[in-house]
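Trainee: Fold the following, please.
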Amino acid sequence: MRVVPPEPDPAPPLAAIVLAGGRASRLGGADKPGLVVGGRTLLATAVGAATGAGAGHVVVVGPARTGLAAGARATGSSCRVVFVREHPPGTGPVAALRRGLAGIGAPVVAVLAADMPFLRSRHLVALLQAMKPAQRGAILLDDTGAAQWLAGCWQASALRGQLAGYAGDSLRGLLDPLRPTRLSYPLAAGEPPPWLDCDTASDLSRAREWVSRQ
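Mentor: As a prediction, the model looks like this:
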């Protein structure tokens, strides 16, 4: 009798939470997720990275924006994009994460900022591959070795457990105790850094300069 090897377990379903409700105080209160770099808004880039990595559900914590869900469908994605707000709006990333996670059913969730113009699905796939079964998350490191807490993938159950007992407002304080895998990503020649976030006018100019050189 021929023994047929078992099929490998399918990859766990993935969802994503995109935090897009900050005040952008260092950008003069600009609509940061709506800023355009390389022909796309920063928010659309984040959603595109998530859907490209296999997310079937994206929760955007921030003001609703028309066209984003339609754009996902136009690219052939079956991803469901929904918008929610933390209560009250503007109370910080921990409150936003808690609100976004309330609408997530998938066991694995990407937690992303809406201001990283060069984050792509390949970076999220690398994070997912870095998550071993017993590990609770993986985050991207920048070129200085600093943890990027809004560029990571997590076991949703671990996030819920951590949030249940956390009264602070620091993402690092919330997530660091989960001891995530810290992933260094070597850049190819001429590749823009996926960890670049557009917090200031200088950051935005730098991102647009990268695009102009490509």
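Trainee: buried residues in the longest helix along the chain?
Mentor: As assigned by DSSP state H, the longest helix anywhere in the chain is helix 201-213. For helix 201-213, a neighbour-count test (16 or more other C-beta atoms under 10 Å) marks D203, L204, A207, R208, W210 as buried. The C-beta positions use only the backbone N, C-alpha and C, and glycine is treated the same way.
Trainee: Which of the helices or strands spans the most centrally placed residue in the chain?
Mentor: Closest residue to the average C-alpha location of the chain: L112 at 1.9 Å, with C-alpha atoms, centre = their mean. Using DSSP states H and E, L112 falls within strand 108-113.
Trainee: Please name the strands paired to that strand in the sheet, noting orientation.
Mentor: With DSSP bridges as the test, strand 108-113 is paired with strand 14-19 (parallel), strand 147-155 (antiparallel).
Trainee: What is the distance between the shortest one and the centre of its chain?
Mentor: When distances are taken as C-alpha atoms, centre = their mean, to the nearest Å, strand 14-19 is centred 6 Å away from the chain's centroid.
Trainee: What of the last one?
Mentor: Taking C-alpha atoms, centre = their mean, the mean C-alpha location of strand 147-155 is offset from the chain mean by 7 Å.
Trainee: which residues touch that strand?
Mentor: Defining contact as C-beta atoms under 8 Å, 6 or more residues apart in numbering, one finds that strand 147-155 is touched by 14, 19, 93, 107-113, 116, 119, 123-124, 127-128, 131, 135-142, 171-172, 175-176, 178, 180, 182, 194-195, 197.
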